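Trainee: Below: sequence and its predicted model.
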Amino acid sequence: QKEVEQNSGPLSVPEGAIASLNCTYSDRVSQSFFWYRQYSGKSPELIMSIYSNGDKEDGRFTAQLNKASQYVSLLIRDSQPSDSATYLCAVRRGGNTGKLIFGQGTTLQVKP
Amino acid sequence: DVKVTQSSRYLVKRTGEKVFLECVQDMDHENMFWYRQDPGLGLRLIYFSYDVKMKEKGDIPEGYSVSREKKERFSLILESASTNQTSMYLCASSFVASTNEKLFFGSGTQLSVL
């Protein structure tokens, strides 16, 4: 079992729709959770971080964390073609000196 | 702006060569990481360091070593390059903060081992 799992996609949504990206992790001691976006040929950049159970909203993005079920999700409202990218879920085990492990990424395509 | 600089964007080496990939960050970050990225496999952690002279193995350390003699520099070493080490290598750094961590990535080094 991979430590951090994502559906590789591609996930295709029409412009203006809600895109839902999911991630599960295997280690219950994980404490910090991140979503990175990576455009083709570019390096990843941080979109959201979440540390506590529940929802965290930032503009059109909402991260959701459920530690009991060991999953974290990212919702993108009013999806735009510019949101087309690969979204990487990352999980840090333990404290600040723990491993930071990425999932394989989900490719999102937003069609005009 | 934080800058993470990787020494080369593209590198071509021969099997058996010793290869050095250099990474320098200018924001006094404690944590530094080396990942490799391959299609369908995402980013896989090779090594990371949370302090000078400290290093920890990631998930795929075999065939690699690292060096962190100064806080700003984290080097990845391929002792004897092999074709299966052809990949995109990404360096990243972050400061240590309990609820506000952010990785800053370099632009990557595409390594081809022939």
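Mentor: Here it is on my side, so go on.
Trainee: Which residues of chain A lie near chain B?
Mentor: For chain A, the residues in contact with chain B (Cβ under 8 Å from any Cβ of the partner chain) are A:3, A:6, A:8, A:32, A:34, A:36, A:43-46, A:49, A:51, A:88, A:90, A:92, A:96-97, A:99-105. (Each C-beta comes from the backbone N, C-alpha and C, glycine too.)
Trainee: filter the residues you listed to the buried ones?
Mentor: For the residues of chain A next to chain B, a neighbour count by 16 or more other Cβ atoms under 10 Å in any protein chain shown gives the buried set as A:3, A:6, A:8, A:32, A:34, A:36, A:43-44, A:46, A:49, A:88, A:90, A:92, A:96-97, A:99-105.
Trainee: Quick check: which helices or strands does the worst-scoring helix or strand of chain A on mean pLDDT pack against?
Mentor: None of the helices or strands of chain A scores lower by mean pLDDT, DSSP states H and E than strand A:100-102, at a mean of 89. Where contact means 3 or more Cβ pairs under 8 Å, 6 or more residues apart in numbering or on different chains; DSSP states H and E, strand A:100-102 is packed against strand A:85-93, strand B:42-49.
Trainee: After that strand, which helix or strand is next?
Mentor: Tracing the chain past strand A:100-102, the next element assigned as helix or strand by DSSP states H and E is strand A:106-111.
Trainee: In contact with residue 105: list those residues for me.
Mentor: By default, I'm working from chain A. When contacts are counted by Cβ atoms under 8 Å, 6 or more residues apart in numbering or on different chains, A:Gly105 touches A:6, A:8, A:38, A:86-89, B:42.
Trainee: other chain: chain B
Mentor: By Cβ under 8 Å, 6+ apart, the residues touching B:Phe105 are A:43-45, B:4, B:90-92.
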